[in-house]
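Trainee: fold the following for me, if possible:
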Amino acid sequence: MGDGRQSGTSESPSILHVSPESAVGGDLGIVKTYDKIKIDLNKRRVDLLISQAEFKKRRKNKKVFKPNNQTPWQEIFRNTVGQLDDGACINSRGKYLDVSHTKGLPRDSH
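Mentor: Numbering: from 1, shown residues only. This is a model prediction of the structure:
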């Protein structure tokens, strides 16, 4: 189970992605080594088995990881692409739907 964007498959039930990612404040960031987790594949649920008080404490003290961009492409990706549960699409994609009718025929085809 993880929250990084991944590729590959498994021949058994697995959870390849949890969102929202901890890098944007998702609660996977509060999970600690040896915490017990209950996974119900039929209900599509993952539950962290800690008390409500501990959950609130961890959430309050959570630090969001902010990676340093090493290339302009990382910066563009991180600033414009949404979470995987929303298709990991460019956030402004709706702005360009039916572009030939709303903005005219694009000048270039590439």
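Trainee: ranges for the strands of the protein?
Mentor: Counting by DSSP state E, the chain has strands at residues 37-40, 45-48.
Trainee: partner strands of the first one and their direction?
Mentor: The strands that strand 37-40 pairs with in its sheet are strand 45-48 (antiparallel) (by DSSP bridges).
Trainee: ok, Lys32 to Gly26 distance?
Mentor: Noted for Lys32: a distance of 15 Å to Gly26, by CB to CB, to the nearest Å. Glycine gets a C-beta too; all of them are placed from N, C-alpha and C.
Trainee: please identify which of these two sits among more neighbours.
Mentor: It is Gly26, of Lys32 and Gly26, that has more neighbours when counted by other CB atoms under 10 Å, with 16 against 9.
Trainee: what is the neighbour count of Ile22?
Mentor: No, residue 22 isn't Ile; it's Ser. Using other CB under 10 Å: Ser22 sits among 20 other residues.
Trainee: what's near enough to touch it?
Mentor: Ser22 makes contacts with 3, 28-29, 64-65, as judged by CB atoms under 8 Å, 6 or more residues apart in numbering.
Trainee: would TSV of those with pLDDT and distance to Lys56 be doable?
Mentor: Shown next, in TSV, are the contacts of Ser22 (pLDDT from 0 to 100; distance: CB to CB, whole Å):
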residue	pLDDT	distance to Lys56
Asp3	58	21
Leu28	86	16
Gly29	88	14
Val64	80	17
Phe65	78	21
